[in-house]
Each structure stands twice: as C-alpha cells, then as structure tokens.
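In: need coordinates for the below:
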Amino acid sequence: MRRTFRWLLSMVGLASMLVPVTPSAAIVAERTPMNVGGLVVSSTSVKELKGEGTIIRTYAMLRVTSADREALVGTVIPVVADGGRIGDERTWVEMMPALSKDAEVSLVVIDGSLPYEVSTGSPPEPFQAPGYLTVGEMIESEYNLIYGYGWACPRYLPGSYYHNLTGAPSGARAAVNAGYEAWENDASSWMEFNDAGTTSIRSQSNDGTNAVFWLTDNAGTYLARTWVYANGSRITGFDVQFNTRYSYSTNPNTSQVDIQSVATHEAGHDVGLDHVSNCTQIMGTQWIGGVEYGCLDYGEKHRTLGSDDLAGLRFLTPYNDIRGTFQAQSPSNSTLIMIPGQRYPTDLNPAKFTARFRNTGKTPWGNWSAGSNEIRLNTALPANRTSPFCDSTWISCARPDRATTLVCTGEEITMDWYMKAPLAVGTYDEAFGFVVGSTTVVSSSPRWSEIIAQG
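Out: Down below sits the predicted model:
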C-alpha cells in the first residue's frame with residue numbers, strides 16, 4: 001500500500017476528490033449508506049428545476065441481486081442518480097453508473113429514501129465496469145477525458161467562477177484560486193479561469209453561474225466534488241462543492257486536508273479531464289482490490305501539474321493547433337473587368353471583395369484576455385509582395401485586412417476589403433494568403449487569376 005492513510009475516491013458527484021476509507025458510525029447514522037447491486041431493467045433521464053437552473057437526473061428500476069439488507073434481494077427497487085443525457089445536453093457524474101437499461105451496476109444508496117438516492121457507484125474493475133461513465137476517451141494512457149472534448153473556445157470558458165465562502169476556512173478563496181491558476185500557467189495551452197467575485201448560490205445547478213461553495217454532507221465520504229455540464233460538442237459549466245465534514249487548511253497538519261491540492265484536482269475536471277491511474281499526476285488515482293483511491297494524504301501538498309496533466313490540458317486547449325480552410329470568395333468568378341485607377345466595379349458604386357475561412361483547429365483565432373492570434377489577409381504568390389491593387393483603406397500595400405475578432409473552433413470569419421485597379425491597362429493575377437498569428441493557414445486563396453484593367 002502506498003500510504004498509511006488513503007482516501008477513497010468518491011463517486012457521488014460529477015467530479016469528487018478524495019475521501020477517508022471509513023466514516024464514523026455517528027456521522028453515517030444520519031443518512032445510512034447501503035450497498036446494493038443488480039440489473040437495471042428500465043431507466044429514463046429527466047431535467048429537473050433546481051435553484052435558478054436545472055439538473056439532469058436519471059430514474060431507474062433495479063432488480064437487486066445483492067444487498068446489505070437481504071430482504072431486498074430478488075425485488076425491484078427504484079433508484080435515482082445525478083447525471084444523464086437528454087438530447088445534446090449532458091451532466092457528467094464521475095464514477096456514477098449511467099443507469100442505462102440492462103447495465104449491471106454496484107451502488108451505494110441512501111437507505112430509507114424512495115426512490116433510493118444513489119450516493120456512489122463502486123465498479124468492480126478500474127475503468128472497465130459496463131454502463132459506467134468513468135472515462136470519456138483514453139489517449140495513449142496519458143490522460144482521460146470526461147466527454148472527449150472541452151470548452152471549445154475562450155468565449156465558452158468557465159472563465160468567471162464565483163465563491164460562496166459560507167463555512168469556508170480562513171484563506172480558502174486564495175487557495176482555491178491558486179488551484180485554478182495551476183491550469184492557466186502553461187504557455188502551450190489557452191485555458192483561462194477568473195475569480196469573478198462572490199455568489200449566494202450554494203448548490204449544484206446548470207444555471208449559468210459556476211459556483212464554488214462549502215457545504216457539509218455527513219453521508220458523503222468525498223472531500224470535494226464537481227458537476228460538469230455540457231451541450232452539443234462543448235462543456236458549458238460546472239459547480240464545485242467542498243465537503244466541510246472534513247478539516248481543511250492552507251497549510252495542513254496531519255489531520256487536515258490541503259485546500260489548494262484539492263482545488264487543483266477539481267479544476268482539472270472543470271478543464272474536462274477525468275482520472276488517470278498514476279499518483280504522480282494531479283488527476284491521478286490508484287486501484288486496490290477493485291476500489292479507486294486517491295493519492296493525497298493528510299498534511300500533504302500536491303499542487304503541481306504533472307506531464308500527463310499537461311498533455312491532457314494541451315490536447316483540449318492547445319495554443320498551437322492553428323488550422324483552417326478556405327470556404328468562399330466574392331466575386332466568385334476568377335475573371336474580372338476593372339476600370340484603371342478605380343475601385344471595383346466603379347468608384348461611384350464600389351463593392352468590397354470578400355473571403356470566408358473556417359477554423360478547423362483547436363486553437364482560437366483572434367484576441368482574448370490571455371492570448372492573441374491576430375488574423376491577417378496578406379498578398380500571396382509570392383507572400384507579402386506589394387499589390388498593384390492597393391487601396392487607401394489597406395493596412396499596407398501587402399495587407400488589405402486584419403481582424404482581432406475571436407473565432408472559435410468550427411466558426412467562420414469573413415475578411416473584406418476594397419481593390420483599386422492599377423492605372424496601367426493590362427491583365428493581372430492577384431492572390432492572397434490567410435494568416436493567424438505566425439501561421440499561414442491558407443497560402444493562396446482567395447485568388448482572381450485574370451483581372452483585366454481596361455477603360
């Protein structure tokens with residue numbers, strides 16, 4: 001065993017951190033957990049109102065094959081758990097069974113509630129139990145993703161998260177912020193978090209406010225947990241709860257838990273990362289006897305991202321994955337007639353040339369608060385030459401247009417500019433290249449191969 005003390009990883013919330021192996025009997029008596037296992041015979045996910053928002057929960061009927069209370073064996077009982085999917089909307093629940101029909105599951109439920117509220121799931125093998133949402137995607141065993149995708153763009157970042165410090169220990173806000181900042185301080189990725197102030201919210205809900213709050217859950221054996229919400233192909237929000245059943249500190253002794261270490265782990269889930277079986281990593285856990293354990297001991301500090309943490313971060317939010325495609329140009333025909341010395345088609349009725357491009361990479365184009373990839377349209381064939389069609393509105397005679405607009409993955413931008421025909425009568429070939437930051441995304445489009453200046 002790696003340590004004298006171990007933390008059993010909670011499977012209650014969407015992203016729970018670390019928990020002691022054996023809660024005290026006095027505390028557990030308030031909401032008694034019970035182990036049950038069986039086959040899901042039916043299930044349905046519903047969106048329920050909660051606070052100012054909603055949360056997806058899954059209701060299921062479980063045919064019990066094993067239970068702490070033997071009288072339940074052979075019966076069919078109702079169970080309910082956070083998490084599920086309705087159309088494009090998802091709520092991810094770490095280590096929580098999907099409760100899909102015909103799934104065989106092992107659960108910890110709260111005895112005495114109807115339907116039985118699922119507190120945790122307990123898969124028999126690491127990352128392999130059927131019907132579990134433990135791993136979204138595995139990439140070369142370095143890191144695991146919750147959904148297979150992340151935030152897609154700084155516009156959709158968790159960006160602003162809010163603190164509710166009711167019940168929080170001294171120094172909690174700064175320590176939590178330091179945990180999030182660990183994921184921002186990487187020059188090869190564009191992840192960005194921001195402490196936006198305080199909130200009165202003190203519960204999980206997909207309400208558009210990303211709340212970090214402190215609350216006692218005497219039945220929950222987790223230190224902290226995170227709800228991660230998604231819609232379509234991007235994560236849209238999160239909530240984080242620290243369980244004040246345990247003693248936290250910014251400088252923990254041997255009976256306290258380090259706030260910043262736990263916050264750094266939870267922030268990794270908010271980035272979009274799941275656990276890996278590697279205790280050298282912030283997102284690391286270990287498996288012993290079919291049970292998942294965390295790697296943090298009382299009094300320890302584990303605050304620095306490991307190489308696999310960074311690999312996952314850079315996969316989801318890379319700073320150098322600048323790719324794109326040329327979509328269309330206007331005028332669409334490659335042969336044009338222009339009047340020497342005038343804008344197209346005439347000075348009295350000028351029309352802008354346009355070119356449309358799509359971002360197909362994972363790095364955003366344009367400017368945001370933590371980065372910049374200026375968008376430019378330059379002359380091409382050869383690059384950055386002086387154009388005979390230079391207009392007074394151009395940035396320079398080699399650059400007709402530029403933009404700082406934020407263009408996310410899958411989005412498009414249209415560049416537009418005037419072109420003024422040269423005074424000399426003749427036939428010209430004009431082409432442009434599309435550049436983002438220092439990367440030439442499209443080398444020679446748009447292009448008009450025959451522009452005839454005649455008058």
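In: just want the phi and psi numbers for Ala263.
Out: phi -60, psi -40 (degrees, to the nearest 10).
In: for the longest strand along the chain, packing partners?
Out: Scanning the chain for the longest strand, with DSSP state E as the assignment, gives strand 33-50. Packing partners of strand 33-50 (3 or more CB pairs under 8 Å, 6 or more residues apart in numbering; DSSP states H and E): strand 53-67, strand 84-86, strand 104-110, strand 116-121. The way it works is simple: take the backbone N, C-alpha and C, and place the C-beta from them, glycine included.
In: and the third one, what does it pack against?
Out: The elements that strand 104-110 packs onto, with contact taken as 3+ CB pairs under 8 Å, 6+ apart, are strand 33-50, strand 53-67, strand 116-121.
In: returning to what we had before: quick check: mean pLDDT of the longest strand of the chain?
Out: Averaging the model's pLDDT scores along strand 33-50 yields 91.
In: before we move on, what about stretch 257-272?
Out: Mean predicted lDDT for stretch 257-272 stands at 95.
In: for Ile56, which residues are in contact?
Out: 45-48, 82-86, 89-91, 206 (CB atoms under 8 Å, 6 or more residues apart in numbering).
In: domain assignment for this structure?
Out: Domain ranges of the chain: 7-316, 324-453, per automatic domain parsing.
In: which of these has the lowest mean pLDDT?
Out: Going by mean pLDDT, the lowest-scoring of the domains of the chain is domain 7-316, which has a mean of 80.
In: the strands in the stretch 51-200 of the chain, which residues?
Out: 53-67, 76-82, 84-86, 89-92, 104-110, 116-121, 137-139, 143-145, 159-164, 193-198 (DSSP state E, counting those that start in this stretch).
In: what would those look like in TSV with distance to Val407?
Out: Compiled in TSV, these are given as follows (distance: least, CB to CB, whole Å):
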stretch	distance to Val407
strand 53-67	29
strand 76-82	35
strand 84-86	29
strand 89-92	25
strand 104-110	43
strand 116-121	40
strand 137-139	25
strand 143-145	23
strand 159-164	17
strand 193-198	21
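In: Leu377 is nearest to which of the ones you listed?
Out: Evaluated with CB to CB, the strands of the stretch 51-200 of the chain place strand 159-164 nearest to Leu377, the distance being 29.4 Å.
In: using PDB, list the CA coordinates for that closest one.
Out: Extracted in PDB, the C-alpha atoms of strand 159-164 (Å, rounded to 0.1, in the frame of the first residue of the first chain):
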ATOM      1  CA  GLY A 159     -13.900  32.000 -17.200                       C
ATOM      2  CA  SER A 160     -15.900  33.500 -14.400                       C
ATOM      3  CA  TYR A 161     -16.500  31.400 -11.400                       C
ATOM      4  CA  TYR A 162     -17.900  32.600  -8.100                       C
ATOM      5  CA  HIS A 163     -17.200  31.900  -4.500                       C
ATOM      6  CA  ASN A 164     -19.700  31.200  -1.700                       C
END
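In: now that strand and strand 193-198, what's the angle there?
Out: 40 degrees (axes from the mean of the first three to the mean of the last three CA atoms, to 10 degrees).
In: check which helices and strands strand 159-164 sits against.
Out: helix 172-181, strand 193-198, strand 210-215.
In: could I get the helix or strand just after the last one in CSV with only the CA atoms?
Out: Just to be clear, that refers to strand 210-215. Moving toward the C-terminus from strand 210-215, the next helix or strand (DSSP states H and E) is strand 224-231. Extracted in CSV, the C-alpha atoms of strand 224-231 (Å, rounded to 0.1, in the frame of the first residue of the first chain):
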residue,chain,number,x,y,z
ALA,A,224,-15.0,17.7,-2.8
ARG,A,225,-17.0,17.1,-6.0
THR,A,226,-17.7,18.8,-9.2
TRP,A,227,-20.7,18.8,-11.5
VAL,A,228,-19.7,19.3,-15.2
TYR,A,229,-22.3,20.3,-17.7
ALA,A,230,-22.2,20.0,-21.5
ASN,A,231,-24.3,20.8,-24.6
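In: just checking, what packs against the next helix or strand after strand 224-231?
Out: Following strand 224-231 in sequence order, the next helix or strand is strand 234-243 (DSSP H and E). Strand 234-243 is packed against strand 210-215, strand 224-231, helix 259-271, with contacts defined by 3+ CB pairs under 8 Å, 6+ apart.
In: so who does Glu52 touch?
Out: Glu52 touches Ile201, Ser205, Asp207, Gly208, Thr209, counting by CB under 8 Å, 6+ apart.
In: neighbours around the third one, how many?
Out: Asp207: 19 surrounding residues under other CB atoms under 10 Å.
In: Gly53 is in contact with that one, correct?
Out: Yes. Applying CB atoms under 8 Å as the test, Asp207 and Gly53 come out as touching, 2.6 Å apart.
In: which residue is nearest the middle of the protein?
Out: Gly150 (3.2 Å; CA atoms, centre = their mean).
In: list the contacts of it.
Out: Arg234, Ile235, Val271, Gly272, Leu316, Thr317.
In: may I have the beta-bridge partners of Glu48?
Out: Glu48 forms beta bridges with Ile55, as assigned by DSSP bridges.
In: tell me, how many residues neighbour it?
Out: Counted with other CB under 10 Å, Glu48 comes out at 12.
In: and it, how far from Asn231?
Out: Computed with CB to CB, to the nearest Å, the distance linking Glu48 and Asn231 is 17 Å.
In: on that earlier part again, among the contacts of Glu52, name the ones in helices.
Out: Among the contacts of Glu52, no residue falls in helices (DSSP state H).
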